[in-house]
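**Student:** Everything below, folded, please.
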Amino acid sequence: MSLVDASLAAGYTLGDFLLVAAAGFAVLAVGMLYRAVVGPTMEDRVLAVNVLGTNTVVILAILGAALGEPTFLDIALVYALLNFLMAIAISKFTVERGGVL
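**Tutor:** Okay, the predicted model is just below:
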């Protein structure tokens with residue numbers, strides 16, 4: 001019996017609690033999606049897209065732990081690397097000449 005299958009409280013397992021947490025993060029992603037579309041400045045949109053990517057990585061990691069599938073963790077790691085590269089690329093192209101980058 002694994003940790004995910006162990007009964008914690010009222011018959012619920014750790015996997016059930018992790019699935020609820022993943023659903024909570026998915027609900028929070030909707031708010032960030034709104035900010036990415038409506039954001040008044042380009043910096044707000046870039047930050048919202050970066051938070052969405054990080055939120056996706058967290059959801060994938062929680063799902064991997066809840067379902068006992070290590071493949072989700074591999075996908076989350078690759079997605080985190082792509083999210084980092086995307087943030088650097090967007091930041092590079094949105095800063096005017098003579099800016100920080």
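**Student:** Buried residues, the helix or strand where Val57 lies. List them.
**Tutor:** Element membership of Val57 [criterion: DSSP states H and E] is helix 42-67. Using 16 or more other C-beta atoms under 10 Å as the test for burial, helix 42-67 gives 45-66. Every residue, glycine included, has its C-beta placed from N, CA and C.
**Student:** which ones are touching the residue positioned nearest the centre of the chain?
**Tutor:** Nearest to the mean C-alpha position of the chain, counting by C-alpha atoms, centre = their mean, stands Asn55 at 1.8 Å. Neighbouring residues of Asn55 by C-beta atoms under 8 Å, 6 or more residues apart in numbering: Phe25, Leu28, Ala29, Met32.
**Student:** Kindly confirm my reading that Leu82 is in a helix.
**Tutor:** Yes - counting by DSSP: H, G, I helix; E, B strand; the rest coil, Leu82 is part of a helix.
**Student:** and the residue lying closest to it once chain neighbours are set aside, how far is that from Leu81?
**Tutor:** Of all residues not flanking Leu82 in the chain, Gly53 sits nearest, at 7.8 Å (C-beta to C-beta, 6 or more residues apart in numbering). When distance is defined by C-beta to C-beta, to the nearest Å, Gly53 is 10 Å away from Leu81.
**Student:** Next one: Thr54 relative to Met86, how far apart?
**Tutor:** Counting by C-beta to C-beta, the gap from Thr54 to Met86 is 11 Å.
**Student:** Gly31 is in contact with Val51, correct?
**Tutor:** No - the pair Val51 and Gly31 does not pass the contact test of C-beta atoms under 8 Å, sitting 9.5 Å apart.
**Student:** mind checking how far Met86 is from Tyr12?
**Tutor:** Taking C-beta to C-beta, one finds Met86 at 37 Å from Tyr12.
**Student:** which of the two has more neighbours?
**Tutor:** Using other C-beta atoms under 10 Å as the criterion, Met86 and Tyr12 rank with Met86 on top: 14 against 11.
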